[in-house]
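Trainee: sequence first, then the predicted structure, then my questions.
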Amino acid sequence: MTQDTLDALRHDINEIDSELLILLAKRRRISHGVLEYKIANNKPIRDEAREQALLEKLIRYGKSLGLDAFYINSVFQTILEDSVLNQQAMLQKNLNPDAVGDTHRVAYLGGQGSYSQLACHKYFSRRPGKLVEMGCQSFDQITEQVEKGQADFGILPIENTSSGSINEVFDLLQHAQVSIVGEVTHTVEHCLLALPDTELQAIEKIYAHPQPFAQCSRFIQGLGDIQHETCDSTSSALKHAAEHPNSAAIGSAQAGKNMGLEVVKAGLANQTENHSRFIVVARKALQVSTQIPTKTSLIMATKQHVGSLADALMVFKQHNINMVKLESRPVPGNPWEEVFYVDLLANIADSQVQVALEELKDHTQFVRLLGCYQSESLQAVDVL
Ligand SMILES: O=C(O)C(=O)C[C@]1(C(=O)O)C=C[C@@H](O)C=C1
């Protein structure tokens, strides 16, 4: 095959890809029309039966064209997720016209290339407006910027599928005067990044934020006695690696590229599926439509007697409320006292949930609502 033939084939592929994009944009516009119907008729945004029927039909048709089911499923699950999350974000904007302005000033940890920056881009890509990014040095600084009104939103990592809960953030939420208004999950692909042509054997020191160190602990242990230095953020780790030959940082491949670093080794995380969940905080709580999946997060301190936690949790069961997270943390300054963080699949606009929260007061020393927000952890329909 000649270079000319290759160029012609690539030209054809480019044309098809452009047509696909035009069709995807058209599909999105049409789904906005469906949203108008759902708003007017108070219908839930997600229609899993429709998704199931759609996917089954597409898989049948795709197979007749020689495409395999796995491929069709993965492409259309992505399209459907985008459609649902976009409709939900538009609905939320309609419901809170004053809270979501045209400019979003967002405080997050680190700078260029930090995982928090990637999560910020992902979350706000569905929320049109000018993004003003405010990289911060610490989690405290993020909530402080929001509390003072210098940032409209803050992004905080809360849990990771490899390293678990991020305790520092849970502790911060005990006192910060902010409300959780959203969540976003982001797939984190940790790579070992170093200056071009650095061999793994030549690396003497690794820089990383404590979280990537924890999430890649098995890989790090396997390296023997290489030096480690923890940094405030992934962006500062990348900077160190760029300034010091024979050193490396843990970060995403894209972030490394932006700093002139190359991937020495990819896929470092202990778990192959390494996802982080971030919460989005603001000064004021948002109203959440009852047409979308919603989470409510709260902190509570139970009474100091036998069975008090069980009694408190029974309240959720009795009101048919699904609890999806329970985390205990010590109270700073009060040894052996615990507070519990609870995530519920619930909307506080629902009267049943309000009754449950009132009843909860009988079984607790205090309950503090941290926020009620659109849940972005969508469960894909199962067709394969
Ligand atoms: O058909 C609908 O109800 C839509 O909102 C459109 C659509 C889609 O994009 O195809 C999106 C969300 C629903 O869960 C199902 C399908």
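Mentor: Thanks, I have the structure now. Numbering: from 1, shown residues only.

Trainee: what strand or helix carries the one residue in the stretch 51-200 of the chain that gets nearest to the ligand?
Mentor: In the stretch 51-200 of the chain, no residue comes nearer to the ligand than residue 83, which is 3.1 Å away by C-beta to the nearest ligand atom. C-beta: built from backbone N, CA, C; applies to glycine. Using DSSP states H and E, residue 83 sits in helix 69-95.

Trainee: same check on residue 250?
Mentor: Using DSSP H and E, the element containing residue 250 is strand 247-251.

Trainee: please save the CA atoms from that strand in PDB.
Mentor: Taking C-alpha atoms only, strand 247-251 is exported to PDB below (Å, rounded to 0.1, in the frame of the first residue of the first chain):
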ATOM      1  CA  SER A 247      13.600  11.100  40.000                       C
ATOM      2  CA  ALA A 248       9.900  10.400  39.100                       C
ATOM      3  CA  ALA A 249       6.400  11.500  40.100                       C
ATOM      4  CA  ILE A 250       3.100   9.700  40.200                       C
ATOM      5  CA  GLY A 251       0.400  11.400  38.100                       C
END
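
Trainee: how far is stretch 291-308 from where the chain is centred?
Mentor: Put simply, stretch 291-308 sits 22 Å off its chain's centre (C-alpha atoms, centre = their mean, to the nearest Å).

Trainee: burial of residue 85, as a residue count?
Mentor: 19 (other C-beta atoms under 10 Å).

Trainee: same deal with the one 4 residues further on?
Mentor: Neighbourhood size, residue 89 [other C-beta under 10 Å]: 21.

Trainee: from the centroid of the protein, which residue is nearest?
Mentor: Nearest to the geometric centre of the chain sits residue 185, at 2.0 Å (C-alpha atoms, centre = their mean).

Trainee: next up, the contacts around that one.
Mentor: Residue 185 sits next to 275-278, 376-377 when contact means C-beta atoms under 8 Å, 6 or more residues apart in numbering.

Trainee: what residues does the protein put near the ligand?
Mentor: 31, 34, 46-47, 50-51, 54, 80, 83-84 (C-beta under 6 Å from any ligand atom).

Trainee: quick check, nearest of those to residue 382?
Mentor: residue 51 (10.4 Å; C-beta to C-beta).

Trainee: scan this structure for its longest helix.
Mentor: The helix that spans the most residues within the chain, counting by DSSP state H, is helix 3-41.
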